[in-house]
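Participant: With the sequence up front, the predicted model follows.
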Amino acid sequence: MSILVSLSHLFKFPIPGLPVTALLMQVPLIALATVVEWNQRKRRPVAPRGAPALRSPADHQRGHAERPATVSAATAEPSDQHSGAAQQPDIGAKRPEAFESPQSEPAKAGAVRDQLPQDGGGARVPLSPSEGRESGQAESQRAALEKAEREPRDQALTGAPRRQPIPIGLGLRKTRESFLARIRAAITGSAQLDQIYEGLEEALIGADVGVETSVKLVEAVRSTLKNDVRADVIRETLKREIAQLLLSVERPLQDGSPLVIMLAGVNGVGKTTTVAKLAALLKAQRGSVIVAASDTFRAAAIEQLQIWCDRVGVELIKQKPGSDPAAVAFDAAKAANARKAAAVIIDTAGRLQTKVNLMEELKKIARVVGREIPGAPHESWLVLDATTGQNALSQATVFNDAVKLSGVVLAKLDSTAKGGVVIAIADRLKLPVRYVGLGEELEDLRPFDANEFVEALFSETEDSQAANRSHAA
């Protein structure tokens with residue numbers, strides 16, 4: 001305390017002790033500020049000899065603010081230089097070019113640009129090697145992410161070759177294993193004619209062909225062969241009857257300019273995914289395709305379809321959720337006429353076949369599109385889930401009453417042992433199967449071929465051949 005009193009008398013402070021204590025408390029702050037300033041000087045990049053020094057944005061702004069009052073070292077008076085050194089710390093001692101005159105700025109601009117990183121014009125100069133490495137890693141990660149997001153769209157836009165779809169034989173593997181096992185048991189397990197044909201009916205019903213269609217096929221085989229019980233002959237005759245049934249309902253695809261296809265179906269059958277696969281297929285075959293997001297009721301349906309369209313590289317016509325689906329379809333039809341598009345695909349909301357008001361909505365969409373494009377929709381297809389089996393028949397019957405269907409798209413055929421529903425659709429509904437879905441990729445929607453389907457269904461060696469082809473591809 002005596003020391004504080006002595007210091008107060010020495011500096012003649014009116015209140016002993018308090019000013020000296022406050023002064024001593026500021027010493028650590030001054031030391032800390034000195035250390036920070038020293039570190040900042042150390043981290044600043046040193047310009048090569050003969051090149052202008054690099055400045056941070058803060059230095060750049062400070063230089064603009066001080067420029068009217070500064071002069072270059074070559075034109076400054078000796079007295080001004082000494083006074084400047086006494087008034088401010090020697091911040092620019094190592095960087096004399098940092099406070100240049102306005103006359104020298106244009107001449108140095110090119111050299112300064114050469115020192116800056118060329119990755120966008122506004123990038124900050126790394127202050128240390130470690131920070132530079134971290135910045136480079138972040139930039140490379142961001143570029144890789146952008147490339148991964150952009151790659152599917154760029155591939156679609158550049159017309160990259162499409163991968164070959166899965167062979168239909170491989171997609172029918174589950175159905176074929178069950179079907180052929182029952183056929184073999186029926187035609188080789190007994191020599192009695194009645195037992196053979198009863199076994200054939202059971203095999204067909206087990207493959208979800210349906211009771212009515214199964215009885216019809218067995219009677220056709222029996223009337224053709226009479227009392228012939230040879231296993232290979234029975235098998236070939238059944239194979240021929242199924243092929244004739246499928247071929248009898250085939251019809252050519254209706255065309256238009258543009259071709260308008262409307263897809264319908266209940267919830268969860270894979271309709272939105274089928275729209276994307278079909279858009280990719282038509283784009284490769286015909287050219288530009290427009291998709292109408294007329295499913296305005298299901299949550300996130302428009303967003304999901306937008307992602308698929310971006311991957312495929314086709315245009316999506318959409319409105320806000322809850323909008324009139326017929327209005328969206330009308331906008332798509334007008335856009336197709338204006339842009340000379342080759343095809344229009346209308347995605348409708350999933351609906352139960354028992355909802356009358358929703359079925360009336362399908363009729364409205366068809367009427368509105370028909371007023372804009374004559375004859376549209378040229379094709380109205382029902383998307384069915386192959387795993388539902390015979391339940392798909394009741395769906396198709398009601399949808400066919402509301403909108404005249406011209407075909408069926410059978411999704412998820414590779415995930416079920418009920419592939420015999422294809423035969424039931426042809427027999428009961430008299431509708432051709434236009435496409436079958438055999439996987440999750442865009443290329444896994446393929447046109448349905450009746451002869452190929454029957455050959456794959458009865459092929460004993462299809463599994464190994466399909467596996468070999470898939471491995472080779």
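Facilitator: Happy to help now that I have it. Numbering: from 1, shown residues only.
Participant: need the strands for the stretch 201-350 of the chain, in chain order.
Facilitator: Secondary structure of the stretch 201-350 of the chain (DSSP state E, counting those that start in this stretch): strands located at 259-264, 289-294, 315-317, 343-348.
Participant: so what pLDDT did V436 get?
Facilitator: For V436, the pLDDT comes out at 93.
Participant: Spit out the contact partners of it.
Facilitator: By CB atoms under 8 Å, 6 or more residues apart in numbering, the contact set of V436 is 168, 171, 386, 409-411, 413, 422, 445-446, 448. C-beta: built from backbone N, CA, C; applies to glycine.
Participant: rerun at 6 Å
Facilitator: By CB atoms under 6 Å, 6 or more residues apart in numbering, V436 lies in contact with 410, 413, 448.
Participant: swap in S323?
Facilitator: T296 are the contacts of S323 under CB under 6 Å, 6+ apart.
Participant: Next: A186.
Facilitator: Contacts of A186 by CB under 6 Å, 6+ apart are 196, 199-200, 203.
Participant: Inside strands: which ones of those residues?
Facilitator: Judged by DSSP state E, the subset of those located in strands is empty.
Participant: Include mean pLDDT, mean neighbour count and distance to Q304 when you put the strands of the stretch 201-350 of the chain into a markdown table, please.
Facilitator: Putting the strands of the stretch 201-350 of the chain into a markdown table (pLDDT from 0 to 100; neighbours: other CB atoms under 10 Å; distance: least, CB to CB, whole Å) gives the following:
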| stretch | mean pLDDT | mean neighbour count | distance to Q304 |
| --- | --- | --- | --- |
| strand 259-264 | 95 | 26 | 15 |
| strand 289-294 | 96 | 28 | 9 |
| strand 315-317 | 97 | 19 | 11 |
| strand 343-348 | 96 | 28 | 10 |
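Participant: JSON lines please, covering those and showing distance to T175.
Facilitator: JSON lines is the format used below for those (distance: least, CB to CB, whole Å):
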{"stretch": "strand 259-264", "distance to T175": "24"}
{"stretch": "strand 289-294", "distance to T175": "31"}
{"stretch": "strand 315-317", "distance to T175": "35"}
{"stretch": "strand 343-348", "distance to T175": "28"}
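Participant: looking at those, which is closest to V398?
Facilitator: Taking CB to CB, strand 259-264 is the member of the strands of the stretch 201-350 of the chain nearest to V398, at 10.5 Å.
Participant: Tabulate the CA atom coordinates of the closest one in CSV.
Facilitator: Extracted C-alpha coordinates of strand 259-264, given in CSV (Å, rounded to 0.1, in the frame of the first residue of the first chain):
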residue,chain,number,x,y,z
LEU,A,259,-48.6,-39.1,-78.8
VAL,A,260,-50.6,-38.7,-75.6
ILE,A,261,-50.5,-41.5,-73.0
MET,A,262,-52.5,-41.4,-69.8
LEU,A,263,-51.6,-43.7,-67.0
ALA,A,264,-54.0,-44.7,-64.2
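Participant: who touches that strand?
Facilitator: For strand 259-264, contacts defined as CB under 6 Å, 6+ apart pick out 271, 343-346, 348, 362, 373, 376-383, 399.
Participant: orientation of it relative to strand 289-294 in degrees?
Facilitator: Angle, strand 259-264 to strand 289-294, by axes from the mean of the first three to the mean of the last three CA atoms, to 10 degrees: 30 degrees.
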